[in-house]
Every structure is written in C-alpha cells, then in structure tokens.
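A.B. asks: The following block contains a protein sequence and its predicted model.
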Number of protein chains: 2
Amino acid sequence: MRYSQLFGKTVKEVAADVRLVSHKLLYQAGFIRESVAGRYYFLPLGIRVQDKIVAIVEEEMNKSGAQKMITPVLHPLELWEETNRTNSVGFELMTIEDQRGARFALGGTAEEMMVDVVRKFNVSYKDLPFNIYQFSQKFRDEKRARGGLLRVREFLMKDAYSFHTDADDFKKEYDSMWKTYETIFKRVGLDTIPIESDNGYIGGEYCHEFVVESDAGESRFLMTKDRSYAAHEEVAVFKREVMNPDEEMLPLEEVEAVRGTTMEEGVKLHNKPLWQQIKDVLFVDEKRRFVLAIIRGDYSVNEVKLKKAVDALELRPATDEEIRDTLHSEPGFISPVKIKEGAKKGTEIFIVADISLRGVKNAYGGANKKNSDLFNMNIDRDYTPDLETDIASPPADCETEDGKELIEGKGIEVGNIFQLGTHYSTKMARAVFVDNDGKAKPYYMGCYGIGIGRTMGTVVEVHHDEKGMIWPKAIAPYQVHLVTIGDVQKDADKLYESLLAVGIEVLYDDRDERAGVKLNDADLIGIPLRLVLSDRTLKNQAVEWKGRAESEAKEVKLSDVEKAIMDFYE
Amino acid sequence: MRYSQLFGKTVKEVAADVRLVSHKLLYQAGFIRESVAGRYYFLPLGIRVQDKIVAIVEEEMNKSGAQKMITPVLHPLELWEETNRTNSVGFELMTIEDQRGARFALGGTAEEMMVDVVRKFNVSYKDLPFNIYQFSQKFRDEKRARGGLLRVREFLMKDAYSFHTDADDFKKEYDSMWKTYETIFKRVGLDTIPIESDNGYIGGEYCHEFVVESDAGESRFLMTKDRSYAAHEEVAVFKREVMNPDEEMLPLEEVEAVRGTTMEEGVKLHNKPLWQQIKDVLFVDEKRRFVLAIIRGDYSVNEVKLKKAVDALELRPATDEEIRDTLHSEPGFISPVKIKEGAKKGTEIFIVADISLRGVKNAYGGANKKNSDLFNMNIDRDYTPDLETDIASPPADCETEDGKELIEGKGIEVGNIFQLGTHYSTKMARAVFVDNDGKAKPYYMGCYGIGIGRTMGTVVEVHHDEKGMIWPKAIAPYQVHLVTIGDVQKDADKLYESLLAVGIEVLYDDRDERAGVKLNDADLIGIPLRLVLSDRTLKNQAVEWKGRAESEAKEVKLSDVEKAIMDFYE
C-alpha cells in the first residue's frame, strides 16, 4: 500500500478527553475514528489488524473442532423472553420493532439464538457434542463508554456455544477452550491470566475470565504468586483472621457519640481500631426489600457478591429518608442490633453479615439513632444475621484459606469461558436431544467469548513506547514499513514491487515529505520492521533496517533483504 | 470435516410455502435456517460458501486498489437527516433510540457514514482518489421477504464508496469497478449482464445493475442481442412508432359510450384499436398533487419513470371519490381534455404524456363523465400536457431508437454501481477537499454494492439439477465429498487424513448409514467432486471418482487421487 493513497493518515492533535494510551495512539496513527461515543470506524490500517486477530481466532477455533456459523444481528425478542433475560441482563439490551410490529433485541450475546437454531434440528446423542461459533457485531447500551476500544457500545465478538450430553463431556470442551484461548492470546501477543469470575447475566455455575494485566483494566483480581489460584475480586475467596480471640465478651453498652457519619470519625472518637467497627451498608433491591450488609470496618462490601448472596437483580443505596422514615434509624448510625424491631411495621429487612464479623469480638458502631453508638456488639448474642456469607471485596493484603499470599492485580478482560449447564436448555422449549436410552434430555452447554476490538486495544496498551505502537508480528497491519528519504523513488518503487511480488505486506511511504515526519509516522504506526531507502544506503546497495522494538538500525544489502524479512517473520 | 460431527445435517421435509428452488435446496442440505421471515442463520456449510464469496470479492476489490474498512452498524440518525434521507429511502429504515436518547438508523446503506468519516480528515486533492469499502450487515425493513436468500431483511453486503476530485477521475473508477464486478461474478460462477438502471433512493445521475438471468429474478430488463444496450425496464429507452401518420386530423367529437371501465370495453364498444385509445392513470403524490399520466392504450405506465419525471417521492392511485368529487371526472372515463378546467377550483393537476401519444392521431377515450367518450383527441390541439416524456414500461416486442430488436429478460440483481456525483457532498456539511487551487470543493463520489447472500442464492438458482445443488469449484463449501460404503472406515480415515494433510478441504461422510442415503446427501449438498470408497474400489486400490456435474463415474487409483484432485481444482 502506498501511504500517499492510504485513507486514514496520521494526525498530531488528540481530543483533550482521550485518556487511554491505546485510544490516543490508535487515533493518531489512523487506525480508528469515533462515530459517536463507543462506536468506532475501523480505518484501513485498523481493520487489517482486526482481520489478523480474527484469522488467528478462527484458525485456533477450527483446530479445536469448533464450527463457524452466523446468526442474524436482530434476535426475536420472544427468545429472550423465553429465558427471562429481557430484564435481567447486566448490560442494557437495545430493542427495536419493525413495521409489522415484530420486536427484536440487538444481539448482545447469543445463547438464545444458538439454542433456537439447534432445536430446529432433531439432535440425537450421536450428533453431540459440537461447538458452534460466530464472529458478529454485538451491542451493549452501556451507560458509560470509555473512549477507545476497551469499553464500547458496538463491537465484533467471537462467541462460541457448545452442546453436550452431560457435564463430563462438557468439561472436556471447557478444558479444550481454555487451552485454545491460551494459544490464541499468546499468538496475538498477550500474556493472559485465567481468573475465576462471576457469571453475571450469562448464568451457569462457574466461569473464567482471561485477563491481561494492565492499569487500564477494569477487572481487579487476586492471585497467588504461582498463579495456582487467581480470581476476580467479585468471587475471590480469602481468609478472614480471628482478630481478638482472647478478648472477653463484654456487655452491650450504649454511649453518647457526637460525631459525623464516616467510619473514620467513629475510630477517632472512640480511639478503637477500624477493624473492630461494624460497617453497615444499606441497599434496596428491585422488590423494595431492604438489604443490610454488615462487614468488618476495614473491609468493603462487594456488590456483585452481595447481589448473588441475596439473589437480587438490582441493588441501590437506601436514601436518608428511607433510613429515617422507614427504618427509624439514622444515616451513619445504622446497627444490626434491633433494627428490625425498630423499623416501621411490615418493613422487610434482610441482614447479611460477611464472615469476617465472626472474627471480631466486642464490635462497636451506630445505635440506630443520631449521636449514639453501641459498644461490644457480638454476633449471635446481640444480632443474628439472616445470612452469614462472603460478601467482601478482598483487601490488597490478604491470603488464601491455606495461607498463600494473594497479590492484587488489575487487568483487562479479553475473553471468557462459561459453564452454562442446562441453564438455557431447561428454560427454552424443545431444547433437548434424544439420548441413547431414547429419552429427551436438555443439552448441557458452555459458552466462550472473545472481544476482538478489545483484544486489539489491549495489545496497544501492552505494546507501545513513547513514540507509538509496537505491533506483535502476527497482527501487524503490514510486515514492512518502507520509507524513502530523498529522491530515491525509482529504486524504492522497484524494491516495493519486488517485495509485493513475493507476498510481503508493505506499507510504502512514498510521500514527498521531510524525513523526520516520515520516520515519526513509522514509529507511531508501529509496524515491526522499518526499511529506509536513501541516497546514503543506495551507495552501499543497501537499505537501513530497524526493528520497531529495537533501538539500533543496521544496513542490509538489497540483495539479501527479501530473505532477511522472511527470516524475521518466521 | 466429519459429517457425523457436522452441525446442520440434511433433512427431507420442506415447508409448504418454500417456492424458490435455492431456498428449498439450501434448507434441505443444511446451509441455512430461517430465524424469522427474511432473517437467516448461516449454518457451517452455508458460511463456508459465504466466506469464499467474501474472499473473492475482497481479493478483487483490493486488486482494484480499494481499501477495506468498516463502519458501525448503528448510524447516527442526524447523518441521515443531513441528506434528508430519513423519509426518502426506498426501503423502510429501521431506527432505534439508546438509553441516553440518541437516535440511530440500522445501516441499510452507508453513504452518509462514509462521507462522515472522510470529512473527519482534512483531505486534499493529493489524498484523492480513494475507494473505501466494507463488508457489513445491512438492514431493510422490507414489507415482504421472499423466503430464501434472494430478498431478505438482514444481509451481508459489500458496499464501496469512492471519492474523487472530479467527474473524469470518477469515471475511471466506475469503469474499474465495472471490470472488477465482471471478474468477481465470473469467479463465483455467475454470468452477469450490466444493465442501466434507476438510482432510486441512492441518488446520483446514472447507475448500472449487474443482473443474472433467472426466472426467479425481480428485475425486468430489455437488451439487444449483442448486449450493446441493456437496461432495466424502469429506464429502458425504446422507439415509439408513429402509428397513423397518414390519417387526417378529425374534429373532436363526444359520443355516448355505455360501457364498463376497462380499456378492453372501449375497444369492443367502438371497434377501434387498443393503441389508439388513451390510457389515463391518475395518481396523488406526497404533496397531494394530482398526477395524470397518459399513454398509448397498449402501453403501460412505469411508475419509477413517472415518479422521476414528476419528482415525486411517493405516488398512490387516486380514489374514485377523489376522481368524482375533486376532479369532477369519472373513474374509467378520465380524459386529459379540459380536465383542469372542470376540476374543483384550486386543484393542482399535473398532466404527463408519454411520448408515444405523439404518434397517435385521432385518439379516443373518456370524456370526464360517465358513459361518454371522446373521439379524435389530438395532442397540442385538444390537450396540452405539462410534460411530455418517456413514462412507458417497454413492451415485450420493441426496439431501440436505431432499430435494433430489444429482447425482454428477467434477472436477479446481484450488484450495482452508482454515480453519485456531489449528491451527498453538497448536502452534508464540510464534505470537501482542498483542491490544488487552494479552494474547498465537494467530493465527487460513486458507490458500489454487492449482496453476498443474494449472490449465494443466485448461484444455486443457476447451478442445480433435480438432485440438488452443483457448486462452482471456487465457492464450494468443501472440495471433496468423501463417502464410505460398507465397512472401510480404516482406509477411509487414512485417505481423509492424507488429503487434509495436503490442504484439500474434505467433507467426510463417515456415518454408519445406507449407501443410498449418503449418495443422495452428496448430490443434494453439491460439492463438485465426490469420492466413494468401498470394498469394491479397494480391491483395485482405487476410489470411485465422480464430478457432481458429470453423469459418469470412474475409478482413480488411491496413489493418484491427490494429484488428480489438485488438477481438478486448478
């Protein structure tokens, strides 16, 4: 490709609100342009990278035995109603009606569609297992798009769905997809960590995210040094210490406490440790039930864990009015002790205690009235939670149940694999296969996703320097960036044509531009290999050769360059 | 691929409403399944064909110098409002609002989007020309889907948009795309005829459809035997004969005519030729203007030509009430003579005469009242049309202006190329490039589409027999259909693996099924080459070889089969 003819040249200026380095570089180098927030044009350079990622994913999926197909983008809304997901999905579903009144969801994930197409066939145990996948445009009506390719509202996704006779057979595919994902991400230049994670709106019993460590990521996770345990904070299990085992249980005592409403003010006023304080967080769920989450003062409640624990679709913080008027308590002074008894008649309050509180004796905290605190609150004696379970976000310094140190990490989720079991096939009609005993049984399923655009953005987050992007060889938009300096057009044309002739992908900067501009553009675009042809190199019948990731350039004879490129890309 | 593991096996039954042979065969063979009317799943066999078509289109587009990119599926509705196409498009645009109230159109064609992305760059004459294209899912809220892939509501389309400094530069690209399309369609196995056609909702001044002759088609066109002239009936120009040049003009005469309202009843009553009668067709446009189209009695009015002639977005037939109450005329007795004078005050009537009427002297027809006809109506003397132009659908037997016979054809439109000129760039803000005189000028544009799924359906319409499909080699889902008869699994596995090892694509029917079932399935699926391995062939260390398009089978030695396949596919 002659750069002079390329649509989508480099620019210097970036909008002030561009925060992610991948967004900045992909924009400046002419790989992407925003249509409106969260929706991107992929320009010619950008789509070349995306296509290469797609090709690698496709190759590895096929190698694993998965079969490519495709579903329509518009999903009949009835299907989502069959599984009751029109209201429960974690992203906002976009829906549309056609002129005949038929209603559709814009595909955000395709479990229902894939079950729908499979149930159109009379599948028997002999036809199972199979894994069908697609590359298709997905839509998420995200409240907040981040800018760049890491969190968008429309994106290309590889989504796969496997169908099995039973859990054992599924488990083999789960392992196979796990390995396939490791291979895929390695090939595109990413070091991924598979972490246990929450299945969210997908359903099923367990799943793993593949994350790439990066400060730009939104997934916080905990893992052991040897990576034998790694889990998203939303599911990570960690050990709660017994803080004061030797302390005597003291009698419950109400004290005056003229203080503000923060935890710190309680600590300061009473001169007691933060961990001994009870943190009370009050939510209201979609059924207007109050959910009081209580936890050791130095921990924080993880809303995903909490939602799951109390089986809520949505949780919102209770308002000050609700706390006062309905619970007859006081913001900043909530206590599990006698809160149910004090509340307005008929108020449903569900108290969930994190297991950490069992390790805290003589806890202190509010007394359900202004400027009053309780000392020496003890679980079982003074308050009895409706549920005692793990609702804590793991702190930065924690360890596994068996005492291994857990390291905190932040990462970008580039893929995920889910056990679905019969979550969908039992909800949807006729989603059955005939087993070898002649009986109809629901399919046992799994699903497996990779965000293609996010993978591309993540590669840039990981592979760049202050001058620009540094593409891994396997997914670079071109293999060679050929730059002319001075009036060497004729020789450069010849070299360009000869490289094309042997199938080498070349971006050829044939512009009549200053050397500095062209070299800066080459660094920004980040093609792994730069060749510069100038009068100086031509004197030696050579070309200047510089790997984008290397600091030093060298000369390579024109007669050797083809072979050298082949070797470089082997 | 082992057929036993393939998702999407053959079935016998077809729904009663399946009319197109391509729909029937693609369904039975397991290439496609309908989600809801006009929206299809492409199953593993189907997507392999689609992917091969895409690869050919991409290869040829790239060869022509076009650059692939992609736009979001959701187009900001403001862009369509900029060009005033939210109301004027020929297909129903689907629109959707997100949770922040932003409105979008589901992409049906992408002129606005492509202009939008180009205007984000400060393009100069040095950057032009370029042609950018995408493969993307398109949405048309068609009132009527046909079943099968020929007319659907959601489909993959290759749409390209070229940007130029001027008409001359554009013309080169138009010719280049013309040639590229001919190559593409030839490679996928289609003989296309480029026909002049109407630009419809796309805009611009001229365009061509690439049609494949087929009774399943919806495009009626006229062409000379040597194809030097070929045009859609909506734009085809044909010669109007002067019917009665030697007749004297006779005085206008009103006669009693107790007859029904059809043309035939007029012919019968007056015993005069049909061609001498004036056919009056009355429409109302979107501005409530009456449009009276008049034409020689044996011709019919082409609504597309008429719409264009009178610059109307929509035309609907006038009602009997409007004819009586507003025009003070009578259904079946309308006449251009004095109709304006007789109508209700303030009624706007626009009379358009087809040029055929100039060749008819002493015409007869209604007298704007019941049971009254006029004889000897003559243009210019008795009535003066507001516009005299070509509004006729060419009849089956007609000829060009210079006397060449025009043959009637019916075909499927698989692609089209459009001159757009500055139609979009003048309507959209900042859609300009800086020319070498330093002035900002609107881009001169063209656009070029190919329906990928429709191309696939058309191939089946053209290439099949009573047993099933016959795929052209270049786009067959697999190259070889390997079938075992009897217990030869071990040898077949070996052959299968050896063919895979050299990169031959094999569908391997390894099922424990009757020979008849397997051979019928092979014919239905239509892979160009079938190899049958059985005890009989193994005795000769051979395999039975049969081309799908051939009637006779032969034996090929196992040792030679690899080479023979390579030769077959050369």
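C.D. replies: Right, received. Where do you want to start?
A.B. asks: residues touching the residue of the stretch 251-400 of chain A found nearest chain B, list them.
C.D. replies: Residue nearest to chain B within the stretch 251-400 of chain A: residue A:314 (14.8 Å; C-beta to the nearest C-beta). C-beta: built from backbone N, CA, C; applies to glycine. Neighbouring residues of residue A:314 by C-beta atoms under 8 Å, 6 or more residues apart in numbering or on different chains: A:285, A:286, A:307.
A.B. asks: Contacts only, for residue A:266.
C.D. replies: Neighbours of residue A:266 in contact, by C-beta under 8 Å, 6+ apart: A:257, A:259, A:272, A:277, A:297, A:364, A:365, A:373.
A.B. asks: low-confidence ranges in chain A?
C.D. replies: Applying pLDDT under 70 to chain A picks out residues A:88-91, A:201, A:203.
A.B. asks: how is it carved up into domains?
C.D. replies: Chain A resolves into domains spanning A:47-74+A:110-237+A:408-460, A:253-392, A:478-568 when parsed by automatic domain parsing.
A.B. asks: mind putting those in CSV, distance to residue B:8 included?
C.D. replies: Below are the domains of chain A laid out as CSV (distance: least, C-beta to C-beta, whole Å):
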stretch, distance to residue B:8
domain A:47-74+A:110-237+A:408-460, 7
domain A:253-392, 36
domain A:478-568, 35
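A.B. asks: Please identify the deepest-packed of those.
C.D. replies: Stretch with highest mean neighbour count among the domains of chain A: domain A:47-74+A:110-237+A:408-460 (a mean of 20; mean count of other C-beta atoms under 10 Å in any protein chain shown).
A.B. asks: And the closest residue to chain B within the stretch 151-300 of chain A, its phi and psi?
C.D. replies: Closest approach of the stretch 151-300 of chain A to chain B (C-beta to the nearest C-beta) occurs at residue A:154, with a separation of 5.1 Å. When read as degrees, to the nearest 10, the backbone of residue A:154 gives phi -150, psi 130.
A.B. asks: Cross-check the contact I'm expecting between it and residue A:38.
C.D. replies: Yes: applying C-beta atoms under 8 Å, one finds residue A:154 in contact with residue A:38, separated by 6.9 Å.
A.B. asks: Of the domains of chain A, give the one that comes closest to residue B:265.
C.D. replies: Nearest to residue B:265, of all those, is domain A:47-74+A:110-237+A:408-460, at 49.1 Å by C-beta to C-beta.
A.B. asks: how long is that closest one from one end to the other?
C.D. replies: Terminal residues of domain A:47-74+A:110-237+A:408-460 lie 14 Å apart, using C-alpha to C-alpha, to the nearest Å.
A.B. asks: How far does that domain sit from its chain's centre?
C.D. replies: 12 Å (C-alpha atoms, centre = their mean, to the nearest Å).
A.B. asks: Okay, and the beta partners of the closest residue to residue A:74 other than its chain neighbours?
C.D. replies: Of all residues not flanking residue A:74 in the chain, residue A:104 sits nearest, at 3.9 Å (C-beta to C-beta, 6 or more residues apart in numbering or on different chains). On the basis of DSSP bridges, residue A:104 is bridged to residue A:76, residue A:96.
A.B. asks: Identify the residues contacting residue A:440.
C.D. replies: Contacts of residue A:440 (C-beta under 8 Å, 6+ apart): A:432, A:433, A:434.
A.B. asks: again, but for residue A:383
C.D. replies: Listed by C-beta under 8 Å, 6+ apart, the contact partners of residue A:383 are A:335, A:336, A:337, A:338, A:351, A:377.
A.B. asks: got it, and residue A:384?
C.D. replies: Counted by C-beta under 8 Å, 6+ apart, residue A:384 has contacts residue A:351.
A.B. asks: what's across from the residue nearest the centre of chain A in the sheet?
C.D. replies: Computing the C-alpha centroid of chain A and ranking residues by C-alpha atoms, centre = their mean puts residue A:413 first, at 3.0 Å. Residue A:413 forms beta bridges with residue A:211, as assigned by DSSP bridges.
A.B. asks: residue contacts, it?
C.D. replies: A:197, A:209, A:210, A:211, A:217, A:218, A:219, A:451, A:454.
A.B. asks: The residues you listed in helices, which ones?
C.D. replies: Counted as lying in helices by DSSP state H, out of those, are residue A:454.
A.B. asks: Would you mind checking which of the contacts of residue A:413 is nearest to residue B:20?
C.D. replies: Nearest member of these to residue B:20, counting by C-beta to C-beta, is residue A:451, at 37.5 Å.
A.B. asks: Identify the residues contacting that closest one.
C.D. replies: By C-beta under 8 Å, 6+ apart, the neighbours of residue A:451 are A:155, A:156, A:157, A:413, A:414, A:415.
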